[in-house]
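**Q** Build me a model:
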Amino acid sequence: MVKKELCEIISNREIAYRIYEMKVSAQLAADINAPGQFVHIRITNGLDPLLRRPISISSFDKKNKEITFVYRIEGRGTALMAAMQPGMSLDILGPLGNGFPIEAVDNGETALLVGGGVGIPPLLELSNQLACKGVNVIHVLGFQTKQVVFYAQEFSKNGLTYVTTADGSYGKKGFVTDVIKALSFDCLYTCGPLPMLKAIWQEYQEKKIYLSMEERMGCGIGACLACVCKSKDDGLAVSYKKVCSDGPVFRGGEVLL
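**A** Residues are numbered from 1 along each chain as shown. Below you'll find the model as predicted:
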């Protein structure tokens with residue numbers, strides 16, 4: 001059930017360059033169905049910024065009613081978020097969207113989790129749940145440079161973790177696709193920039209893949225149609241999916257990349 005709640009900020013800290021981790025106390029944590037869902041945050045009580053910001057849920061604790069999410073300072077809205085202090089209230093709408101299906105991989109099988117940049121956070125809760133299920137989890141995390149690397153140690157607690165940086169300042173120089181080539185797996189879960197998702201899908205279409213899409217959103221509940229993406233285009237008919245309500249997680253091939 002989607003709820004609107006004023007949540008108390010427990011902590012808000014910088015974990016890498018311009019990358020922040022915020023933890024809030026939220027009753028709506030009990031309603032989260034799957035890793036990969038997101039929340040829609042109202043930054044201020046005024047009209048500027050006007051629209052809510054969609055932020056993926058990094059991890060959640062249903063027992064203690066806590067939600068953690070990670071965001072990058074991109075504009076005025078996220079800059080205002082970064083300045084918020086513990087004890088302040090945050091207007092949150094959620095949980096929203098459809099998450100990653102952990103039932104797609106069984107105990108003893110291998111799941112490959114591939115993330116790029118701020119597409120990495122929602123994979124942490126997925127990793128935690130898969131590891132608890134007895135799944136062999138392998139992670140490949142891609143960043144631009146050492147300054148923005150985060151959560152490498154957290155993922156390592158659940159399984160083998162590879163880190164790549166475009167400039168070679170940390171981990172392996174190159175891209176996540178360079179590392180994936182040498183790995184075997186039963187199911188692949190991924191979230192990140194569209195070029196990365198395209199490259200993975202083109203190479204591994206025969207595999208079981210779940211992709212989390214990143215799109216700009218207006219309402220976050222499927223009403224405004226600001227986040228639609230094509231799901232079919234055969235020259236005769238075109239159909240669309242709404243990333244906020246049909247996704248953000250889709251089975252490979254369900255949407256056109």
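
**Q** Please name the spatially closest residue to Arg36 (chain neighbours excluded).
**A** Quick fix: residue 36 reads Gly, not Arg. Nearest non-adjacent residue to Gly36, counting by CB to CB, 6 or more residues apart in numbering: Gly99, 3.2 Å away. Where you see a C-beta, it was placed from the backbone N, CA and C, and this is true even at glycine.

**Q** Next: Ser127.
**A** Nearest to Ser127 is Asn158, by CB to CB, 6+ apart, at 4.6 Å.

**Q** got it, and Ala131?
**A** Excluding the flanking residues, the one nearest Ala131 by CB to CB, 6+ apart is Asn158, at 4.0 Å.

**Q** how much space is there between that neighbour and Gly218?
**A** 35 Å (CB to CB, to the nearest Å).

**Q** more neighbours, the two?
**A** Asn158 (21 against 16; other CB atoms under 10 Å).

**Q** and Val149, what does it touch?
**A** 16, 141, 143, 163, 165, 170-171 (CB atoms under 8 Å, 6 or more residues apart in numbering).

**Q** Paired strands for the host helix or strand of Ile10, with orientation please.
**A** Following DSSP states H and E, one finds Ile10 within strand 3-16. In the sheet, strand 3-16 lines up against strand 19-25 (antiparallel), strand 89-96 (antiparallel) (DSSP bridges).

**Q** Tell me which of the ones you listed approaches Met1 most closely.
**A** For Met1, the closest of the strands paired with strand 3-16 is strand 89-96, at 8.8 Å, according to CB to CB.

**Q** Need the strands paired with strand 3-16 in a markdown table (columns: distance to Phe185, mean neighbour count and mean pLDDT).
**A** Formatted as a markdown table, these follow (distance: least, CB to CB, whole Å; neighbours: other CB atoms under 10 Å; pLDDT from 0 to 100):
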| stretch | distance to Phe185 | mean neighbour count | mean pLDDT |
| --- | --- | --- | --- |
| strand 19-25 | 27 | 21 | 98 |
| strand 89-96 | 28 | 20 | 96 |
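
**Q** Present these as CSV; the columns should include distance to Ala82.
**A** Formatted as CSV, the strands paired with strand 3-16 follow (distance: least, CB to CB, whole Å):
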stretch, distance to Ala82
strand 19-25, 5
strand 89-96, 12
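
**Q** Relative to Val228, which of these is closest?
**A** Closest among the strands paired with strand 3-16, using CB to CB: strand 89-96, at 15.7 Å.

**Q** can you list contacts of that closest one?
**A** Around strand 89-96, the neighbours that count as contacts under CB under 8 Å, 6+ apart are 2-9, 22, 24, 26, 28, 31-33, 37-42, 45, 52, 54, 57, 67, 84, 220-221, 244-245.

**Q** And Phe175, how close does it get to Ser156?
**A** 20 Å.

**Q** okay, those two: which has more neighbours?
**A** Per other CB under 10 Å, whichever of Phe175 and Ser156 has more neighbours is Phe175, with 17 against 13.
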